[in-house]
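1. return a 3D structure for these sequence lines:
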Amino acid sequence: MNSAQTKLRLRLLTIAVNEEFFTVVRKGMNDAASAMNVAADLAGTPGVDPGELVRLTREAIADGVDGIGLNICDADAFTAVIAEARTKSIPVVAFNIDASRGRSGNLSSIAQEFHSAGEALGRRAAAAIPKGANVIITVHDEGVSALEERLAGVQAGLQYQAINWQRLCTGQNPEKGAELLRDAIARFPVQALLGTGQADTEACGLAAKSLAPAQPYVAGFDLSPGIVELMAEGYIDCTVDQQPYAQGFYPVVQLALYLRYGLLPSSLDAGAAFIDRANLEAIRHLSRQSIR
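-> A predicted model of the protein is given here:
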């Protein structure tokens, strides 16, 4: 174990590192690092590339970091590298996604319960759209278990609406995603657009704005300054927050306490709180500070 005076070095590694979502994760990580007197950095892959993320994890081990926070975006890809970290006495905790649900050897995880969050969004949307409606459900990347679990949950929440639905991958750029959506809507007129992540939810809102005043119902996941403004303007009904600040904060705290005092990390649910125009003003200033 390390003394409280030891300047620990921690590294958080994720997919989609340039997405606006991880700006808030980084803020939480930095605040925790300051509070715990550790050095921490966030790195990762621009896309969804488990193999490259494994390589970056091995690089972190070779760099001699004291602890690793890892986005375990694949159920099987990270087991070997986490075992390698363990042989070097480097603890690993998961954040944002734990596709293996702890079976990869990570000590804990902080992530949303994705299916139940998606189902809650689906139920809310079901109350706002007619039976038999056409719906596009979006993802921003292929191969992300969290998005697929949310999508399945959304479908479960809509199951009694007899909807006609299509799935669309919009990419990580909201403006380009909105263009893809407009093209899709020209072929498949819709009554609702439902996102499963930050970039595609923002794309849905931008697409709806371009179709005003006959815009479809829009709801989705996560927060960004763009999503906040689109909600305030009435183009997005609601979003489900998974508290990315906490996803950056708690891994640092847990790793520091484990390394210094042997306090075993415990898993946490990142939550699934609805944000809409009724409570938007209360969190708007926090969004501008990269806290919500």
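
2. residues near Arg187, how many?
-> Using other CB atoms under 10 Å, Arg187 has 7 other residues around it. Where C-beta positions appear, they are placed from N, C-alpha and C, glycine not excepted.

3. for the stretch 51-200 of the chain, just list every one of the strands.
-> 67-72, 92-98, 109-111, 134-139, 164-169, 192-194 (DSSP state E, counting those that start in this stretch).

4. who's in contact with the helix or strand harbouring Val218?
-> Applying DSSP states H and E as the criterion places Val218 in strand 217-221. Here strand 217-221 makes contact (CB atoms under 8 Å, 6 or more residues apart in numbering) with 117, 121, 124-125, 128-129, 138, 150, 191-198, 200-201, 204-205, 208, 227, 230, 235-240, 242.

5. swap in 6 Å and give it another go.
-> Residues from elsewhere that reach strand 217-221 (CB atoms under 6 Å, 6 or more residues apart in numbering): 121, 125, 128-129, 192-197, 201, 204-205, 208, 236-240.

6. thought Lys209 was touching Gly234?
-> No: applying CB atoms under 6 Å as the test, Lys209 and Gly234 come out as separate, 9.2 Å apart.

7. which of these two has more residues huddled nearby?
-> Between Lys209 and Gly234, counted using other CB under 10 Å, Lys209 has the larger neighbour count: 17 against 14.

8. residues contacting that one?
-> Applying CB under 6 Å, 6+ apart, we find Lys209 in contact with Tyr235.

9. got any ranges where the protein has weak pLDDT?
-> The model of the chain has pLDDT under 70 over residues 1, 3-5.

10. where along it do the helices fall?
-> 21-36, 50-63, 79-87, 114-126, 145-157, 174-187, 198-211, 225-232, 244-261, 280-288 (DSSP state H).

11. I'd like these as a markdown table, with distance to Arg101 appended.
-> Putting the helices of the chain into a markdown table (distance: least, CB to CB, whole Å) gives the following:
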| stretch | distance to Arg101 |
| --- | --- |
| helix 21-36 | 21 |
| helix 50-63 | 16 |
| helix 79-87 | 12 |
| helix 114-126 | 11 |
| helix 145-157 | 10 |
| helix 174-187 | 30 |
| helix 198-211 | 23 |
| helix 225-232 | 28 |
| helix 244-261 | 16 |
| helix 280-288 | 30 |
